[in-house]
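Participant: sharing a sequence plus its predicted fold:
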Amino acid sequence: DAGVTQSPTHLIKTRGQQVTLRCSPKSGHDTVSWYQQALGQGPQFIFQYYEEEERQRGNFPDRFSGHQFPNYSSELNVNALLLGDSALYLCASSSGTGGNQPQHFGDGTRLSIL
Amino acid sequence: RKEVEQDPGPFNVPEGATVAFNCTYSNSASQSFFWYRQDCRKEPKLLMSVYSSGNEDGRFTAQLNRASQYISLLIRDSKLSDSATYLCVVNFYGGATNKLIFGTGTLLAVQP
(Lines give C-alpha, C1' and ligand atoms only; values in the text may rest on other atoms or scores of the structure.)
Protein backbone atom coordinates (compact mmCIF):
# COMPACT_ATOMS: atom_id res chain seq x y z
CA ASP A 1 0.00 0.00 0.00
CA ALA A 2 1.88 3.04 -1.26
CA GLY A 3 1.95 6.03 1.00
CA VAL A 4 2.13 9.64 -0.13
CA THR A 5 4.83 10.07 -2.76
CA GLN A 6 6.41 13.35 -3.81
CA SER A 7 8.79 14.28 -6.58
CA PRO A 8 11.43 15.44 -6.95
CA THR A 9 13.13 14.94 -3.58
CA HIS A 10 15.52 17.84 -4.07
CA LEU A 11 15.53 20.80 -6.41
CA ILE A 12 17.80 23.78 -6.93
CA LYS A 13 16.50 26.84 -8.75
CA THR A 14 17.53 30.47 -9.18
CA ARG A 15 15.54 33.59 -8.38
CA GLY A 16 12.84 34.39 -10.90
CA GLN A 17 12.47 30.85 -12.15
CA GLN A 18 9.35 28.71 -11.92
CA VAL A 19 9.00 25.30 -10.30
CA THR A 20 6.45 22.46 -10.31
CA LEU A 21 6.29 19.93 -7.49
CA ARG A 22 4.26 16.74 -7.70
CA CYS A 23 2.35 14.60 -5.22
CA SER A 24 0.50 11.30 -5.37
CA PRO A 25 -1.79 10.71 -2.41
CA LYS A 26 -1.96 7.59 -0.30
CA SER A 27 -4.15 4.88 -1.82
CA GLY A 28 -7.79 5.55 -0.97
CA HIS A 29 -7.26 9.25 -0.22
CA ASP A 30 -8.89 11.94 -2.31
CA THR A 31 -7.81 15.16 -0.61
CA VAL A 32 -4.40 16.75 -0.95
CA SER A 33 -2.96 19.59 1.11
CA TRP A 34 0.32 21.40 0.57
CA TYR A 35 2.54 22.87 3.28
CA GLN A 36 5.73 24.91 3.33
CA GLN A 37 8.22 24.25 6.13
CA ALA A 38 11.05 26.70 6.59
CA LEU A 39 14.08 25.69 8.64
CA GLY A 40 13.29 25.64 12.36
CA GLN A 41 9.58 26.25 11.83
CA GLY A 42 6.47 24.13 11.75
CA PRO A 43 4.77 23.46 8.42
CA GLN A 44 2.61 26.33 7.11
CA PHE A 45 -0.60 25.54 5.21
CA ILE A 46 -0.55 26.65 1.57
CA PHE A 47 -3.78 25.22 0.15
CA GLN A 48 -5.96 22.14 -0.10
CA TYR A 49 -7.47 20.39 -3.11
CA TYR A 50 -10.56 18.23 -3.20
CA GLU A 51 -12.58 17.20 -6.23
CA GLU A 52 -10.06 19.01 -8.43
CA GLU A 53 -10.81 22.35 -6.80
CA GLU A 54 -8.89 24.54 -4.37
CA ARG A 55 -10.99 24.40 -1.19
CA GLN A 56 -9.06 26.61 1.16
CA ARG A 57 -5.96 28.71 0.99
CA GLY A 58 -3.44 29.85 3.55
CA ASN A 59 -1.62 33.17 3.63
CA PHE A 60 0.46 32.68 0.49
CA PRO A 61 0.68 34.99 -2.56
CA ASP A 62 -0.77 34.19 -5.96
CA ARG A 63 2.67 33.08 -7.10
CA PHE A 64 1.72 29.82 -5.44
CA SER A 65 -0.84 27.88 -7.44
CA GLY A 66 -1.90 24.29 -7.72
CA HIS A 67 -3.88 21.70 -9.50
CA GLN A 68 -5.51 18.37 -8.76
CA PHE A 69 -6.04 15.72 -11.39
CA PRO A 70 -8.87 13.19 -11.74
CA ASN A 71 -6.66 10.50 -10.21
CA TYR A 72 -6.32 12.74 -7.10
CA SER A 73 -2.65 13.51 -7.68
CA SER A 74 -1.66 17.14 -7.36
CA GLU A 75 0.89 19.71 -8.43
CA LEU A 76 2.18 22.79 -6.68
CA ASN A 77 3.50 25.56 -8.92
CA VAL A 78 5.55 28.50 -7.73
CA ASN A 79 6.34 31.36 -10.10
CA ALA A 80 8.93 34.14 -9.85
CA LEU A 81 10.88 32.31 -7.17
CA LEU A 82 12.35 34.31 -4.30
CA LEU A 83 15.18 33.41 -1.96
CA GLY A 84 12.59 33.14 0.81
CA ASP A 85 10.84 30.32 -1.02
CA SER A 86 13.67 28.00 -0.02
CA ALA A 87 12.00 25.39 2.19
CA LEU A 88 10.76 21.84 2.51
CA TYR A 89 7.46 21.49 0.64
CA LEU A 90 5.22 18.82 2.10
CA CYS A 91 2.20 17.18 0.58
CA ALA A 92 -0.36 15.54 2.84
CA SER A 93 -3.34 13.43 1.89
CA SER A 94 -6.50 12.44 3.68
CA SER A 95 -9.80 10.78 3.01
CA GLY A 96 -12.41 13.50 2.58
CA THR A 97 -12.20 16.93 4.07
CA GLY A 98 -13.54 16.18 7.52
CA GLY A 99 -11.73 17.94 10.31
CA ASN A 100 -11.07 14.80 12.27
CA GLN A 101 -9.37 12.99 9.41
CA PRO A 102 -5.63 12.64 10.08
CA GLN A 103 -3.37 13.70 7.27
CA HIS A 104 -0.50 11.57 6.06
CA PHE A 105 2.62 13.31 4.79
CA GLY A 106 5.01 12.52 1.99
CA ASP A 107 8.78 12.79 2.37
CA GLY A 108 8.71 16.30 0.95
CA THR A 109 10.60 18.18 -1.73
CA ARG A 110 13.52 20.24 -0.53
CA LEU A 111 13.68 23.39 -2.68
CA SER A 112 16.75 25.60 -2.62
CA ILE A 113 16.77 28.98 -4.33
CA LEU A 114 20.15 30.46 -5.26
CA ARG B 1 0.03 36.01 18.79
CA LYS B 2 0.66 32.72 17.02
CA GLU B 3 -2.35 30.46 16.46
CA VAL B 4 -0.56 27.51 18.07
CA GLU B 5 2.23 28.02 20.59
CA GLN B 6 4.54 25.41 22.05
CA ASP B 7 7.31 25.21 24.61
CA PRO B 8 10.43 26.37 22.78
CA GLY B 9 12.68 23.55 23.97
CA PRO B 10 15.05 21.91 23.44
CA PHE B 11 14.40 19.34 26.14
CA ASN B 12 17.45 17.29 27.09
CA VAL B 13 16.47 14.34 29.29
CA PRO B 14 18.12 11.09 30.37
CA GLU B 15 16.80 7.72 29.26
CA GLY B 16 13.93 6.59 31.45
CA ALA B 17 12.82 10.10 32.33
CA THR B 18 9.29 11.41 32.05
CA VAL B 19 8.89 14.52 29.95
CA ALA B 20 5.87 16.73 29.27
CA PHE B 21 5.21 19.09 26.38
CA ASN B 22 2.62 21.83 26.46
CA CYS B 23 0.78 23.66 23.74
CA THR B 24 -1.82 26.43 23.64
CA TYR B 25 -4.07 27.46 20.78
CA SER B 26 -5.85 30.73 20.15
CA ASN B 27 -8.97 29.79 18.19
CA SER B 28 -11.71 28.46 20.45
CA ALA B 29 -13.52 27.07 17.38
CA SER B 30 -10.78 24.48 16.94
CA GLN B 31 -12.19 21.00 16.58
CA SER B 32 -9.41 18.47 16.21
CA PHE B 33 -6.06 18.14 17.86
CA PHE B 34 -3.03 16.03 17.11
CA TRP B 35 0.57 15.44 18.06
CA TYR B 36 2.93 14.76 15.18
CA ARG B 37 6.52 13.63 15.42
CA GLN B 38 9.17 14.83 13.00
CA ASP B 39 12.65 13.34 12.78
CA CYS B 40 15.51 15.44 11.45
CA ARG B 41 15.04 16.17 7.73
CA LYS B 42 12.05 13.84 7.55
CA GLU B 43 8.33 14.36 7.11
CA PRO B 44 5.93 14.78 10.07
CA LYS B 45 4.27 11.57 11.15
CA LEU B 46 1.08 11.33 13.16
CA LEU B 47 1.88 10.28 16.72
CA MET B 48 -1.62 10.43 18.15
CA SER B 49 -4.90 12.29 18.02
CA VAL B 50 -5.96 14.10 21.18
CA TYR B 51 -9.45 13.58 22.52
CA SER B 52 -11.40 15.59 25.07
CA SER B 53 -11.36 12.74 27.54
CA GLY B 54 -7.61 12.33 27.20
CA ASN B 55 -6.04 9.29 25.64
CA GLU B 56 -3.08 7.01 26.11
CA ASP B 57 -1.01 4.97 23.70
CA GLY B 58 1.64 2.95 25.47
CA ARG B 59 4.14 5.36 27.01
CA PHE B 60 2.40 8.38 25.50
CA THR B 61 -0.50 10.25 27.10
CA ALA B 62 -2.27 13.21 25.53
CA GLN B 63 -4.58 15.62 27.34
CA LEU B 64 -6.89 18.33 26.07
CA ASN B 65 -8.38 21.18 28.09
CA ARG B 66 -10.83 23.05 25.89
CA ALA B 67 -11.68 25.64 28.54
CA SER B 68 -8.02 26.66 28.80
CA GLN B 69 -7.28 25.93 25.12
CA TYR B 70 -4.38 23.78 26.21
CA ILE B 71 -2.96 20.48 24.96
CA SER B 72 -0.27 18.35 26.52
CA LEU B 73 1.81 15.31 25.68
CA LEU B 74 3.44 13.17 28.35
CA ILE B 75 6.15 10.65 27.50
CA ARG B 76 7.05 8.14 30.18
CA ASP B 77 10.20 6.02 30.34
CA SER B 78 11.90 7.98 27.54
CA LYS B 79 13.87 5.99 24.97
CA LEU B 80 16.75 7.14 22.80
CA SER B 81 14.46 6.58 19.81
CA ASP B 82 12.04 9.20 21.17
CA SER B 83 14.52 11.92 20.19
CA ALA B 84 12.71 14.05 17.61
CA THR B 85 10.73 17.25 17.21
CA TYR B 86 7.18 17.05 18.53
CA LEU B 87 4.65 19.19 16.71
CA CYS B 88 1.39 20.30 18.28
CA VAL B 89 -1.28 20.47 15.58
CA VAL B 90 -4.73 22.00 15.63
CA ASN B 91 -7.46 21.76 13.03
CA PHE B 92 -9.58 24.91 12.73
CA TYR B 93 -12.47 23.08 11.22
CA GLY B 94 -14.71 25.35 9.22
CA GLY B 95 -17.08 24.11 6.56
CA ALA B 96 -15.58 21.31 4.52
CA THR B 97 -11.93 22.00 5.14
CA ASN B 98 -9.19 20.16 6.88
CA LYS B 99 -6.50 22.75 7.47
CA LEU B 100 -3.84 21.86 9.99
CA ILE B 101 -2.14 24.60 11.96
CA PHE B 102 1.22 23.55 13.32
CA GLY B 103 3.19 24.85 16.24
CA THR B 104 6.89 25.46 15.71
CA GLY B 105 7.70 22.19 17.43
CA THR B 106 9.62 21.18 20.54
CA LEU B 107 12.91 19.38 20.15
CA LEU B 108 13.45 16.42 22.48
CA ALA B 109 16.90 14.91 22.91
CA VAL B 110 17.04 11.77 25.05
CA GLN B 111 20.53 11.17 26.38
CA PRO B 112 22.01 7.74 27.20
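Facilitator: Happy to help now that I have it. Numbering: from 1, shown residues only, chains lettered A, B, ... in the order given.

Participant: pLDDT-wise, which helix or strand of chain A ranks last?
Facilitator: Of all helical and strand segments in chain A, the minimum by mean pLDDT, DSSP states H and E falls on strand A:53-57, at a mean of 89.

Participant: ok, now chain B?
Facilitator: Lowest-scoring helix/strand for chain B, mean pLDDT, DSSP H and E: strand B:100-102, at a mean of 89.

Participant: I'd like the next helix or strand past that one.
Facilitator: For strand B:100-102, the following helix or strand on the C-terminal side (DSSP states H and E) is strand B:106-111.

Participant: roughly how far out does that next one sit from the chain middle?
Facilitator: 13 Å (CA atoms, centre = their mean, to the nearest Å).

Participant: by contact count, what packs against that strand?
Facilitator: Judged by 3 or more CB pairs under 8 Å, 6 or more residues apart in numbering or on different chains; DSSP states H and E, strand B:106-111 is in contact with strand B:11-14, strand B:19-25, strand B:84-91. Backbone N, C-alpha and C define where each C-beta goes, glycine included.

Participant: what lines up beside it in the sheet?
Facilitator: Using DSSP bridges, the strands paired with strand B:106-111 in its sheet are strand B:11-14 (parallel), strand B:84-91 (antiparallel).

Participant: nearest to A:N71, of these?
Facilitator: A:N71 lies closest to strand B:84-91 among those, at 25.9 Å (CB to CB).

Participant: who touches that closest one?
Facilitator: For strand B:84-91, the external contacting residues (CB atoms under 8 Å, 6 or more residues apart in numbering or on different chains) are A:42-43, A:99-100, B:3-4, B:6, B:21, B:23, B:25, B:27, B:30-40, B:44, B:47, B:71, B:73, B:98-103, B:105-108.

Participant: go again using 7 Å as the cut-off
Facilitator: A:42, A:99, B:4, B:6, B:21, B:23, B:25, B:30-39, B:44, B:71, B:73, B:98-103, B:105-108 (CB atoms under 7 Å, 6 or more residues apart in numbering or on different chains).

Participant: same question for it, mean pLDDT?
Facilitator: Mean pLDDT, strand B:84-91: 94.

Participant: how close does B:S28 sit to chain A?
Facilitator: 15 Å (CB to the nearest CB, to the nearest Å).

Participant: ok, the nearest residue to that residue once chain neighbours are set aside - how many residues close by?
Facilitator: What sits nearest to B:S28 in space, not counting adjacent residues and going by CB to CB, 6 or more residues apart in numbering or on different chains, is B:Q69, at 6.3 Å. If you count neighbours by other CB atoms under 10 Å in any protein chain shown, B:Q69 ends up with 16.

Participant: show me what contacts B:Q69?
Facilitator: B:T24, B:Y25, B:S28.

Participant: how about A:G42?
Facilitator: Per CB under 7 Å, 6+ apart, neighbours of A:G42: B:L87, B:F102, B:G103, B:T104, B:G105.

Participant: wait, which of those is closest to A:G66?
Facilitator: B:F102 (19.3 Å).
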